[in-house]
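>>> pasting the sequence and the predicted model now:
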Amino acid sequence: MTSKRPRRGLRLPPQQRRDLLLDVAAERVLEQGVLPIGVEELAQAAKVSKALVYRYFPQSRDLYNALLERALDQVAGALDAAAEAPDLASAAGDVADVYYRHVARTGPLIQIILRDRFMAGHVSRRAAAVRARVARRLARKARDAFGLDLREAIACVSIGMTMPEECGRLAFQGELDLERGALLCRELVLGVLDVAGRRGLEAGG
């Protein structure tokens with residue numbers, strides 16, 4: 001991810017300036033692999049003042065939520081459509097493929113932010129709603145297909161969601177071929193469903 005950064009002092013429209021700050025912040029998060037990123041470092045990389053960074057993002061969580069919301073907005077529609085597949089295996093496999101390809105293309109920005117200990121209690125409602133909406137649809141399908149209670153179904157979905165994140169991260173870093181990674185990701189997700197199905201049979205006894 002590379003952004004065209006203006007010369008210091010060049011005036012940009014507010015939205016374009018905000019987008020630039022987000023582009024630069026995303027680059028830094030992906031380079032570091034962890035939060036936080038320093039405000040002074042961000043300002044220098046974007047060729048702006050620290051005061052300008054604070055004007056757009058008064059607190060660090062405002063910046064990270066803006067990054068998270070933008071990343072989720074890029075993939076939310078495709079995730080929602082994939083989750084509407086009629087059967088559980090198709091829905092889970094399609095959701096995994098959409099998410100995997102997004103991470104492979106743009107990097108593991110979403111998981112870096114969501115797994116940060118500080119952000120665990122500060123994720124915006126808007127960002128949380130995207131993942132929750134898709135997770136609920138898959139969890140209901142798992143509950144209906146396997147006879148699991150909803151808590152176990154949600155746990156299975158949460159475990160399954162780690163597969164496209166990790167496979168996508170490896171593909172983004174060039175450690176996994178894109179299409180081989182897609183096949184591996186789908187197989188791993190279906191493997192989680194197989195375990196969930198056996199768990200449901202045991203519970204039904």
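Yep, it's here. Everything numeric in this text was worked out from a predicted model, so none of it was measured.

>>> wait, what's in contact with residue 164?
By Cβ atoms under 8 Å, 6 or more residues apart in numbering, the residues touching residue 164 are 95, 96, 97, 99, 100, 103, 185, 189. Every residue, glycine included, has its C-beta placed from N, CA and C.

>>> grab the longest helix from this protein for me.
Longest helix in the chain, counting residues (DSSP state H): helix 178-204.

>>> residues contacting residue 192?
So residue 192 contacts 156, 159, 160, 163 (Cβ under 8 Å, 6+ apart).

>>> so how far is residue 198 from it?
For residue 192, the distance to residue 198 (Cβ to Cβ, to the nearest Å) stands at 11 Å.

>>> flag the shaky bits of the protein, pLDDT-wise.
Scanning the chain for pLDDT under 70 picks out the ranges 1-10, 203-205.

>>> helices of the protein, residue ranges please.
Under DSSP H, the chain gives helices at 14-32, 39-46, 50-56, 60-83, 88-106, 109-114, 125-146, 150-172, 178-204.

>>> OK, contacts around the most centrally placed residue in the chain?
In the chain, the residue lying closest to the centroid (Cα atoms, centre = their mean) is residue 110, at 3.2 Å. Counting by Cβ under 8 Å, 6+ apart, residue 110 makes contact with 68, 71, 72, 103, 165.

>>> which other residues reach stretch 128-148?
72-73, 76, 79-80, 83-84, 87-88, 91-92, 95, 114, 149-150, 153-154, 156-158, 160-161, 193, 196-197, 199-201, 203-204.

>>> tell me the domain ranges of the chain?
14-58, 61-204 (automatic domain parsing).

>>> circling back to that earlier point, need the buried ones from the contacts of residue 164 selected in PyMOL.
To isolate the buried members of the contacts of residue 164 in PyMOL, using 16 or more other Cβ atoms under 10 Å:
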select buried, resi 95+96+97+99+100+103+185+189
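
>>> can you list the contacts of residue 164 in a markdown table and add distance to residue 121?
Listed next are the contacts of residue 164 as a markdown table, based on distance: Cβ to Cβ, whole Å:
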| residue | distance to residue 121 |
| --- | --- |
| 95 | 26 |
| 96 | 27 |
| 97 | 31 |
| 99 | 24 |
| 100 | 28 |
| 103 | 24 |
| 185 | 29 |
| 189 | 28 |
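
>>> which one of the contacts of residue 164 is nearest residue 174?
Each of the contacts of residue 164 was scored against residue 174 by Cβ to Cβ, and residue 103 proved nearest at 13.4 Å.

>>> tell me how far the closest one lies from residue 141.
For residue 103, the distance to residue 141 - Cβ to Cβ - is 23 Å.

>>> again with residue 154
With Cβ to Cβ as the criterion, residue 154 and residue 141 are 12 Å apart.

>>> looking at those two, which one has more neighbours?
Shown here are residue 154 and residue 141; by other Cβ atoms under 10 Å, residue 141 has more neighbours (22 against 19).
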